[in-house]
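Engineer: need a 3D model of the sequence below.
(one chain, ligands or ions: 1)
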Amino acid sequence: MGQQTIIKLVDGNLMPQLGLGVWQASNEQVVKAIHTALSVGYRSIDTAAIYHNETGVGKALRESDIPREEIFITTKLWNDRHHDAKIALQESLDRLQLDYIDLFLIHWPVPQQDKYVETWKQFIELKEAGLTRSIGVCNFHIEHLQRLFSETGIVPAINQIELHPLMQQRQLHSWNATHHIITESWSPLSRGGKGVFDHPLVESLAIKYDKTPAQIVIRWHLDSGMIAIPKSITPSRIKENFDVFDFRLEKEDLTTIARLDIGKRLGPNPDTYNLTVLNLG
Ligand SMILES: NC(=O)c1ccc[n+]([C@@H]2O[C@H](COP(=O)([O-])OP(=O)(O)OC[C@H]3O[C@@H](n4cnc5c(N)ncnc54)[C@H](OP(=O)(O)O)[C@@H]3O)[C@@H](O)[C@H]2O)c1
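Structural biologist: The predicted structure is shown next:
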């Protein structure tokens with residue numbers, strides 16, 4: 001297996017290009033999944049306060065003999081805490097039993113609340129205080145990002161958005177790139193690969209590269225410059241999803257996958273999503 005790739009963020013910090021997502025996994029499941037993941041080489045875990053499994057993430061880290069500073073931990077601020085991000089981060093740190101996290105993300109912009117610029121100002125202070133090494137956002141559209149920049153002068157290191165072959169978000173990805181924001185793909189496997197893994201184009205690439213459809217899709221994210229966080233609690237899939245560093249897709253095959261884009265959202269639209277209780281990732 002080849003060496004995993006590391007991305008340099010705009011603030012100079014380093015982040016693994018491939019990590020493990022843990023949405024919809026219980027505390028018990030994440031402990032096992034993270035042990036498997038660390039043993040095969042993952043060094044990045046993506047959780048969130050609303051996933052209710054930060055305690056399990058922290059437990060797995062404490063049980064591991066890999067030094068804390070070698071593992072990149074992301075968590076997210078839920079929609080009902082935009083006004084008190086500082087207290088919410090401390091609560092996440094308490095559940096994780098950590099002194100700092102590597103990346104703190106605003107989970108959704110919730111434009112109807114219109115608090116995300118104030119939240120971003122709190123994030124800037126949390127970074128300065130060393131409680132999170134990097135700060136970023138999820139599900140922000142260009143207009144939301146423009147406001148952060150015009151009102152604070154500081155761009156997020158990461159914009160984590162729904163991105164998979166059926167919903168490629170090329171305009172937003174390109175805008176992020178122009179502004180030194182790394183795009184991170186959520187639901188990178190389009191939630192289990194329905195309509196993607198069995199697509200003849202993906203199947204033919206799997207044969208060509210002697211890889212599985214999931215590995216082809218993950219490689220497409222990496223070769224397109226995105227960070228990806230496929231979720232699995234199945235040991236064989238956790239391994240399979242990380243076994244992608246011994247090949248690259250040729251340019252013409254990236255173009256082939258571009259043809260799968262039908263703009264199909266699996267999650268909510270960030271412009272209208274304003275729920276504060278439901279867990280939609
Ligand atoms: N910021 C946000 O708003 C947001 C929203 C959604 C998700 N996320 C993050 O992104 C992560 C990934 O997204 P996601 O969980 O929605 O979807 P995903 O990673 O695209 O797909 C996960 C699903 O695919 C299955 N799977 C994993 N590897 C597979 C493989 N090699 N072959 C076949 N099936 C496979 C998993 O099953 P098993 O687990 O049963 O193996 C699970 O059902 C989340 O866990 C979360 O960390 C963020």
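
Engineer: next helix or strand past the lowest-mean-pLDDT helix or strand in the chain?
Structural biologist: The weakest-scoring helix or strand in the chain, judged by mean pLDDT, DSSP states H and E, is helix 190-193 (a mean of 93). Per DSSP states H and E, the first helix or strand lying C-terminal to helix 190-193 is helix 200-209.

Engineer: C-terminal to that next one, what's the next element?
Structural biologist: helix 213-223.

Engineer: avg pLDDT for that next one?
Structural biologist: If you average the pLDDT over helix 213-223, you get 98.

Engineer: next one: stretch 104-119
Structural biologist: 97.

Engineer: returning to that earlier point: so what touches the least confident helix or strand of the chain?
Structural biologist: By C-beta atoms under 8 Å, 6 or more residues apart in numbering, the surrounding residues in contact with helix 190-193 are H164, P165, L166, M167, V196, P213, A214, V217, L266. (C-beta placed from N, C-alpha, C; glycine too.)

Engineer: would it count as contacting the ligand?
Structural biologist: Yes: judged by C-beta under 6 Å from any ligand atom, helix 190-193 and the ligand are in contact via S190, R191, G192, G193.

Engineer: who wins on neighbours among those?
Structural biologist: S190 (20 neighbours; other C-beta atoms under 10 Å).

Engineer: find the nearest non-adjacent residue to that residue, please.
Structural biologist: Computed as C-beta to C-beta, 6 or more residues apart in numbering, the closest residue to S190 that is not its neighbour in sequence is H164, at 4.0 Å.

Engineer: can you get me a residue count around the one you found?
Structural biologist: Using other C-beta under 10 Å, H164 has 26 neighbouring residues.

Engineer: if we can go back for a sec, out of the contacts of helix 190-193, which touch the ligand?
Structural biologist: A214.

Engineer: in ChimeraX, how would I select just the buried ones from the contacts of helix 190-193?
Structural biologist: Listed next is the ChimeraX selection for buried residues among the contacts of helix 190-193, using 16 or more other C-beta atoms under 10 Å:
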select :164,165,166,167,196,213,214,217
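
Engineer: which one of the contacts of helix 190-193 sits closest to the ligand?
Structural biologist: A214 (3.3 Å; C-beta to the nearest ligand atom).

Engineer: just the pLDDT at the residue of the stretch 1-150 of the chain found nearest the ligand, thanks.
Structural biologist: The minimum distance from the stretch 1-150 of the chain to the ligand, using C-beta to the nearest ligand atom, falls at G21 (2.5 Å). Confidence at G21, expressed as pLDDT, is 98.

Engineer: burial of it, as a residue count?
Structural biologist: 26.

Engineer: that one bridge partners, please.
Structural biologist: G21 forms beta bridges with D46, K231, as assigned by DSSP bridges.

Engineer: would you put the C-alpha positions of the least confident helix or strand of the chain in CSV?
Structural biologist: The C-alpha coordinates for helix 190-193 follow below in CSV (Å, rounded to 0.1, in the frame of the first residue of the first chain):
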residue,chain,number,x,y,z
SER,A,190,-23.2,8.7,-2.0
ARG,A,191,-24.2,6.8,1.1
GLY,A,192,-23.3,3.3,0.1
GLY,A,193,-22.9,3.8,-3.6
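
Engineer: from the chain's centroid, how far away is that helix?
Structural biologist: In terms of C-alpha atoms, centre = their mean, to the nearest Å, the gap separating the centre of helix 190-193 from the centre of its chain is 15 Å.

Engineer: also stretch 133-141?
Structural biologist: With C-alpha atoms, centre = their mean, you get 10 Å for stretch 133-141.

Engineer: so what touches that stretch?
Structural biologist: Residues outside stretch 133-141 that contact it (C-beta under 8 Å, 6+ apart): 9, 11, 13, 15, 76, 100-109, 116, 120, 123-124, 126-127, 144-145, 148, 156-162, 172, 181, 184, 186, 270-271, 273.

Engineer: just the buried ones from these, in ChimeraX syntax?
Structural biologist: Under the burial definition 16+ other C-beta under 10 Å, those of those that qualify are selected in ChimeraX by:
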select :9,15,76,100,101,102,103,104,105,106,107,108,109,116,120,123,126,127,144,145,148,156,157,158,159,160,161,162,172,181,184,186,270,273
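
Engineer: what about the ligand: which of the contacts of stretch 133-141 touch it?
Structural biologist: Within those, those near the ligand by C-beta under 6 Å from any ligand atom are H107, Q160, W186.

Engineer: what's the span of stretch 126-142, first residue to last?
Structural biologist: Length of stretch 126-142, first residue to last, C-alpha to C-alpha, to the nearest Å: 24 Å.
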